[in-house]
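In: need a structure here:
(4 chains)
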Protein chains: 2
Amino acid sequence: MYAKLNIIKNILKENDLKITRPRIEISKLFLTNDCHLDAEGIYNFVKSKRISLPTVYRTLDVLYKNDIIKKVSIDNIKAYELNLFNEKNYHVHFKCKICKKLFEYDDIELKDNIEFQLSFVEAKYHAKADSVSIIMDGLCEDCRRK
Amino acid sequence: MYAKLNIIKNILKENDLKITRPRIEISKLFLTNDCHLDAEGIYNFVKSKRISLPTVYRTLDVLYKNDIIKKVSIDNIKAYELNLFNEKNYHVHFKCKICKKLFEYDDIELKDNIEFQLSFVEAKYHAKADSVSIIMDGLCEDCRRK
DNA sequence: CTTGATGCAAAGGATTTGCACAAAT
DNA sequence: ATTTGTGCAAATCCTTTGCATCAAG
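Out: Residues are numbered from 1 along each chain as shown, chains lettered A, B, ... in the order given. Purely as a prediction, here's the structure:
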């Protein structure tokens, strides 16, 4: 984890950004929780460490602009997740219509299929993508049973 | 278009919702513009017809809860698009990092591949999806050339 | 020491709500 | 006639900004 944190510190340095307590704390949060986090959730984790909500937003913006984290937005959920070190540059999210839970489905087989898809779409539209999110809406296993 | 509008009216009736001018006007907007629309954009279309912004939001909510439209949210873009009558229950959006434009890529080949993918994921996670959005982030054709 | 980042309070923008009135069934 | 929806204004929520202070390089 500290090796990864050092890489983040280097990215900040290279971009003339200072290594500050809020930036370290929030980066550590993303490194230890491999899932989507929103501004308020992050604030709940760090407010005890004298980090304000505006700073959370400003830090998220810095990390986002430096490709350390990426935005995930589904319906009215606005969250961020780690982008750097994420070998899979794709994410599959499933939003349940009933319980409103957001699941993350990641696996190798899917990844391969999606990469193939990606290259096809890129060629066709002459665009270049560096991340793909697949968002499915429907009923999750539990809600189907009820 | 009026046949489709009647179907929407029937859905509203079946759910004890009244057929009102704002609901008709906003439904017509989705039927005539097969693309993503946001609350403010819709309001610009209908404000001349004495329809207020809160009513736009309330109407979008009614149409959404009755599966007539679906939400599309990418980064800070929050939009809606027609869900009913949409044979393709999938959408491929491409968000350009530079110009921030949102493109829509739809074609039959993609659809087939994605449907295959879908059935695979559903089986694996015992979930049932009724719509899929694929969101790609990267550089669009124009911005790659610059 | 210089520059950039932070906390606080306040502003801003988007969305929602209370309430009296209007429209639909 | 009754119920539901609407417009208006105001409230709320989330996010951003101004500014004086503080910390990093």
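
In: Name the next helix or strand downstream of the longest helix that chain A contains, please.
Out: For chain A, the longest helix by residue count, based on DSSP state H, is helix A:108-125. Once helix A:108-125 ends, the next helix or strand along the chain (criterion: DSSP states H and E) is strand A:128-139.

In: for chain B, what are the nearby residues on chain A?
Out: A:70-71, A:73-76, A:78, A:92, A:94, A:96, A:103, A:105, A:107, A:109-110, A:113-114, A:117-118, A:120-121, A:124-141, A:144 (C-beta under 8 Å from any C-beta of the partner chain). For the C-beta atoms, the positions are set from N, CA and C on the backbone; glycine is no exception.

In: Go through the lowest-mean-pLDDT helix or strand in chain A and flag the buried ones.
Out: Across the helices and strands of chain A, mean pLDDT, DSSP states H and E gives its lowest value to helix A:108-125, namely a mean of 73. Buried residues in helix A:108-125, counted by 16 or more other C-beta atoms under 10 Å in any protein chain shown: A:110-111, A:113-114, A:117-118, A:121, A:125.

In: what about stretch A:77-92 and DNA strand D, any contact?
Out: Yes - residues of stretch A:77-92 are located near DNA strand D by C-beta under 7 Å from any atom of the strand, namely residue A:78.

In: Contacts for that stretch, please.
Out: Residues from elsewhere that reach stretch A:77-92 (C-beta atoms under 8 Å, 6 or more residues apart in numbering or on different chains): A:4, A:7-8, A:11, A:30-31, A:34-39, A:60, A:63-64, A:67-73, A:102, A:104-106, A:110-111, A:114-115, A:118, A:130-134, A:136, B:73, B:76, B:121.

In: if we can go back for a sec, Throw the buried residues of helix A:108-125 into JSON lines and include distance to residue B:52, thanks.
Out: Shown next, in JSON lines, are those (distance: C-beta to C-beta, whole Å):
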{"residue": "A:110", "distance to residue B:52": "45"}
{"residue": "A:111", "distance to residue B:52": "47"}
{"residue": "A:113", "distance to residue B:52": "46"}
{"residue": "A:114", "distance to residue B:52": "43"}
{"residue": "A:117", "distance to residue B:52": "43"}
{"residue": "A:118", "distance to residue B:52": "43"}
{"residue": "A:121", "distance to residue B:52": "40"}
{"residue": "A:125", "distance to residue B:52": "39"}
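
In: quick one, helices of chain A?
Out: A:2-14, A:21-32, A:39-46, A:53-65, A:108-125, A:141-145.

In: With distance to residue B:82 added, can I get these in JSON lines?
Out: Below are these laid out as JSON lines (distance: least, C-beta to C-beta, whole Å):
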{"stretch": "helix A:2-14", "distance to residue B:82": "42"}
{"stretch": "helix A:21-32", "distance to residue B:82": "36"}
{"stretch": "helix A:39-46", "distance to residue B:82": "31"}
{"stretch": "helix A:53-65", "distance to residue B:82": "31"}
{"stretch": "helix A:108-125", "distance to residue B:82": "22"}
{"stretch": "helix A:141-145", "distance to residue B:82": "25"}
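
In: ok, of those helices, where does mean pLDDT dip lowest?
Out: Note on those: lowest mean pLDDT is at helix A:108-125, with a mean of 73.
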